[in-house]
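Student: have a look; sequence and predicted model below, questions after that.
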Amino acid sequence: MKIRYIEPVDSDLFDQSRTVLLNNMAAPNTTVEVCHVSLPPELSGPMLPTVPLYLNEIVQEVLRAEEEGCDAAIIGCCSDPALPDAQRAANIPVVGPLQAAAATAAGRGLRLGILCPDEHAWKTTANWLRANLRHYGLSDVVGPIRFVSMRSPDDTEGIIGNTELKAADLSDRFRKKLHENAVPAANLMLEEDEVQAVLFGCTLWGGMISEVSETVDALCLDPVLTALRFAELQAGIER
């Protein structure tokens, strides 16, 4: 089985490390390839640009994956950008972490809470997620959507559009904020809502969730691992 993981950003910052991570996570008969989209210079950077001028490029990469013999494609962002359009355009399974996580929670009869980084406008992001969930028929599965600060008081550099950041520095920032901010936010959701599962909703947290799962009394969903397992499942079902 061959799966293409598409980074929906114009940055190769994580191509190598993501390839290693995904192939370590994958089933023995699965190979995962990683690519990223090509965008104009003003839209470059390690996170989605503020304005979604990248949707056509994502669909094009999905169709390229199909043409090159991939059995499934993953759009590597928890907002599932362009996922419905890519699913309509392609004949192979196309998976997004949000849909995969909501379907996983629904399949286990659990209410899902979602944590997102606060780098994008939170109201816009939340409404985008809710709209996608309604399209999937999974809106009733998801309860609260909360936003986690990714900045320390002394941080002067933003992440969106920042092409100077190094992979190690960005990973360190996300790991630190996962432990410092995301875990308390997850536990607060468990106190205030009937949440039984939590999606740590940024693929830059991929591979880190096992570090905190024992400190959150819920099913803790790693966005990258959940999307990969869902893609393997979908690709294994004969059409």
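Tutor: Looks like it came in fine. Worth saying up front: this structure is predicted, and the values here are computed from it rather than measured.

Student: chain center to the least confident helix or strand in the chain by mean pLDDT: distance?
Tutor: The helix or strand of the chain with the poorest confidence is helix 167-177; it has a mean of 86 (mean pLDDT, DSSP states H and E). Distance of helix 167-177 from the chain centroid (C-alpha atoms, centre = their mean, to the nearest Å) equals 16 Å.

Student: tell me the domain ranges of the chain?
Tutor: Annotated domains of the chain cover 2-96+226-235, 98-222 [automatic domain parsing].

Student: which stretches of the chain form helices?
Tutor: Here the chain has its helices, by DSSP state H, at 15-25, 55-67, 83-89, 97-107, 122-136, 167-177, 183-192, 223-235.

Student: I'd like these laid out as a markdown table, including distance to residue 8.
Tutor: All C-beta spots, glycine's among them, are computed from the backbone N, C-alpha and C. As requested, the helices of the chain are exported to a markdown table (distance: least, C-beta to C-beta, whole Å):
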| stretch | distance to residue 8 |
| --- | --- |
| helix 15-25 | 12 |
| helix 55-67 | 5 |
| helix 83-89 | 10 |
| helix 97-107 | 11 |
| helix 122-136 | 13 |
| helix 167-177 | 16 |
| helix 183-192 | 25 |
| helix 223-235 | 13 |
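
Student: identify the residues contacting stretch 135-155?
Tutor: Stretch 135-155 is contacted by residues 84, 99, 102-103, 105-106, 110-119, 122, 125-126, 129-130, 133, 159, 173-174, 177, 181-182, 185, 188-189, 192-195, 201 when judged by C-beta atoms under 8 Å, 6 or more residues apart in numbering.

Student: if you count neighbours, what's buried in that stretch?
Tutor: Buried residues in stretch 135-155, defined by neighbour count with 16 or more other C-beta atoms under 10 Å: 136, 138, 141-148, 150-151.

Student: between those, which is nearest residue 231?
Tutor: Checking the buried residues of stretch 135-155 against residue 231 by C-beta to C-beta gives residue 136 as the nearest, at 15.5 Å.

Student: skipping adjacent residues, who's closest to residue 102 in space?
Tutor: Among residues not flanking residue 102 along the chain, residue 138 sits closest, at 4.0 Å (C-beta to C-beta, 6 or more residues apart in numbering).

Student: what pLDDT does the closest residue to residue 11 other than its chain neighbours get?
Tutor: Leaving aside its sequence neighbours, residue 11 sits nearest to residue 46 (C-beta to C-beta, 6+ apart; 4.8 Å). Residue 46 is assigned 72 on the pLDDT scale.

Student: same check on residue 153?
Tutor: Listed pLDDT for residue 153 reads 56.

Student: the one 10 residues further on too?
Tutor: Predicted confidence (pLDDT) for residue 163: 61.

Student: where does pLDDT dip in this structure?
Tutor: Low-confidence segments of the chain (pLDDT under 70): 151-165, 239.

Student: hmm, 50 instead?
Tutor: Applying pLDDT under 50 to the chain flags the ranges 156.

Student: circling back: gap between the residue nearest to residue 102 and residue 68?
Tutor: Relative to residue 68, residue 138 is positioned 30 Å away (C-beta to C-beta, to the nearest Å).

Student: sorry, back to before: most packed of the domains of the chain?
Tutor: Highest mean neighbour count among the domains of the chain (mean count of other C-beta atoms under 10 Å): domain 2-96+226-235, with a mean of 19.

Student: next one: it to chain centre, how far?
Tutor: Computed by C-alpha atoms, centre = their mean, the chain-centroid distance of domain 2-96+226-235 equals 10 Å.
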